[in-house]
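J.: quick check, what structure comes out for this input:
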Amino acid sequence: MTTYPRRSLLGVLALTLIALPAVAAEKAPVKPAFAYALGSETSGPNIFSISATAPRGSKLKSQTVRFAMKKADASGRTWTFFYISSGKSRSQAQLERLLLDALRKFPSSAPGKELARIGAVKHGGELRLIAEGPKGLVFAYNPPMQPANPRLTIADAAIFAEMLKK
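T.: Okay, the predicted model is just below:
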């Protein structure tokens, strides 16, 4: 008689362990799949790439574009990833065009000039592309990225613009 409750307890425990991954999977946020490469290029020891959640020029809204840079510095090579969402009101094609225009205008822009604004703080986040003159182009996220917002040099911006142009 005493073995029956133990068997039943073991059965309930086994079913609980089987169901746990399914419960955890429901609560985990879905990460976007960057299945579409928009371009990649190597410049010396540095690697640049752009990928997206939809094909180049897609009319779909609520898509995300990922910029990736692997840059050589004194401590070795460091990867930097930054994500830009098209939002509900803009298609991926419109986002690509906006980014391309900002990257092209950047070298001749006055310091402090805002070249593009994407999103809104009240909707969860805002990105402003701001020229710092010949020093760089800042991807000013609000709230800011940690440890710092990404900066592109003129050469970096030219490489990314070339990838978006194709």
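
J.: ranges for the helices of this structure?
T.: Applying DSSP state H to the chain gives helices spanning 3-27, 92-105, 154-165.

J.: ok, of those helices, where does mean pLDDT dip lowest?
T.: When these are compared on average pLDDT, helix 3-27 comes out lowest at a mean of 50.

J.: who's in contact with the residue nearest to the spatial centre of the chain?
T.: With distances taken as Cα atoms, centre = their mean, the chain has Y83 as the residue nearest its mean C-alpha position (1.8 Å). Contacts of Y83 were listed using Cβ atoms under 8 Å, 6 or more residues apart in numbering, and they are 64-67. In this view, the C-beta of every residue, glycine as well, is placed from N, C-alpha and C.

J.: how far away is it from P134?
T.: 27 Å (Cβ to Cβ, to the nearest Å).

J.: swap in G124?
T.: 33 Å.

J.: then Q94?
T.: Taking Cβ to Cβ as the measure, Q94 falls 29 Å from P134.

J.: tell me which of these two has more neighbours.
T.: Q94 (15 against 10; other Cβ atoms under 10 Å).

J.: please name the nearest non-neighbouring residue to the more buried one.
T.: Closest residue to Q94 apart from its sequence neighbours, by Cβ to Cβ, 6 or more residues apart in numbering: S86 at 7.0 Å.
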